[in-house]
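Asks: Need coordinates for the below:
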Amino acid sequence: MPEALRTAWLSNIRLHPIKGLDPVSVPEARIGPNGGLQLDRVWVLFGVDGRWINGKNNPAIHRIRAEYDPQVSRVTLSAPGPSGERGPAKLAFPADVERAAEWFSEYFGLRVIVRHVPEGAPDDGLAPGPTIVSTASLQAACDLFPDIELNEMRERFRTTLEIDGVPAFWEDQLFGEDENYVVRFRVGEVMFEGSNPCARCPVPPRHPRSGEALSGFQKKFTDMRRALLPDFSPRARFDHFYRMAVNTRVPSAEEGKRLRVGDALVL
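Replies: The predicted structure is shown next:
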């Protein structure tokens, strides 16, 4: 077995319980009903027009802070207001959607509906499993921008599972040459199907705490991604190179199984 396959391991699990808001790192997580992680992206903010309110369409969301207790059973929301820090809201999670809606409505200055979606609300409905990236890939992005530290880059790209022990973009081998071919692999006790390289959105160029956009981020990242594409990467899957991380599917039989930091990834 190649050395990389023996040493790939799960180094970080990051839930984003409220879609568009801060992550929380956890030592373990279970697979939920749609193949994602339980408690990942299970609160979703909507406007009255039925559209999501998230970082793609409302940069003001970046200024909101969400802090969770260790069990992810409570969340404290806070944000700067016109006269300083807006009063924090301490809410039961995920039950307290009505009070959450009131707080978000006051912050955004428009009516916000908060829905609890137990199966999660991934961006890729065809591949709703956890997204996977390597620490080395994130570090390669940091090397382009010396002022961005690794944890900030994690927050910019908002990936769920991070693997270590492998070189940059090693994860490109977790998807196939075309959309009809999936790569099957295991992380700990959970079976995955790699689907496609994740297309990125307007969020990574923005500072995750302020929303301020970094000029030239997308072009610089795209040029790097093209230049460093590994020989084994299925080039046909890159209609553009503003892509990083792997979208996945998880078979329904895996629901309830547990992922733990330290689990090996085995092809």
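
Asks: what's the distance between residue 72 and residue 192?
Replies: Using C-beta to C-beta, to the nearest Å, residue 72 is found at 23 Å from residue 192. Bear in mind the C-beta positions are built from the backbone N, C-alpha and C, glycine included.

Asks: More neighbours: those two, which one.
Replies: Taking neighbours as other C-beta atoms under 10 Å, residue 72 and residue 192 compare with residue 192 leading, 26 against 18.

Asks: Quickly find the element holding residue 223.
Replies: helix 217-227 (DSSP states H and E).

Asks: Flag every buried residue along whatever helix or strand comes next after that helix.
Replies: Using DSSP H and E, the next helix or strand after helix 217-227 towards the C-terminus is strand 243-249. Residues 243, 244, 245, 246, 247, 248, 249 are the ones in strand 243-249 that count as buried (16 or more other C-beta atoms under 10 Å).

Asks: cool, stretch 151-164 as well?
Replies: 153, 154, 155, 156, 157, 158, 159, 160, 161, 162, 163.

Asks: Also stretch 249-257?
Replies: Applying 16+ other C-beta under 10 Å to stretch 249-257 flags 249, 250, 254 as buried.

Asks: right, and out of these, which lies closest to residue 97?
Replies: residue 250 (26.1 Å; C-beta to C-beta).

Asks: Which residues are in contact with residue 91?
Replies: Listed by C-beta atoms under 8 Å, 6 or more residues apart in numbering, the contact set of residue 91 reads 74, 75, 76, 77, 99, 100, 103.

Asks: pretty sure the last one contacts residue 78?
Replies: No: using C-beta atoms under 8 Å, residue 103 and residue 78 do not qualify as a contacting pair, with a distance of 9.6 Å.

Asks: shared neighbours, these two?
Replies: Here residue 103 and residue 78 have residue 89 as joint contacts, going by C-beta under 8 Å, 6+ apart.

Asks: got the contacts of residue 91 as a markdown table, with secondary structure and distance to residue 19 columns?
Replies: Shown next, in a markdown table, are the contacts of residue 91 (DSSP: H, G, I helix; E, B strand; the rest coil; distance: C-beta to C-beta, whole Å):
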| residue | secondary structure | distance to residue 19 |
| --- | --- | --- |
| 74 | strand | 18 |
| 75 | strand | 13 |
| 76 | strand | 17 |
| 77 | strand | 14 |
| 99 | helix | 18 |
| 100 | helix | 12 |
| 103 | helix | 16 |
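
Asks: Can you select the buried ones among those residues for me in PyMOL?
Replies: Entered in PyMOL, the line below selects the buried ones among the contacts of residue 91, by 16+ other C-beta under 10 Å:
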select buried, resi 75+77+100+103
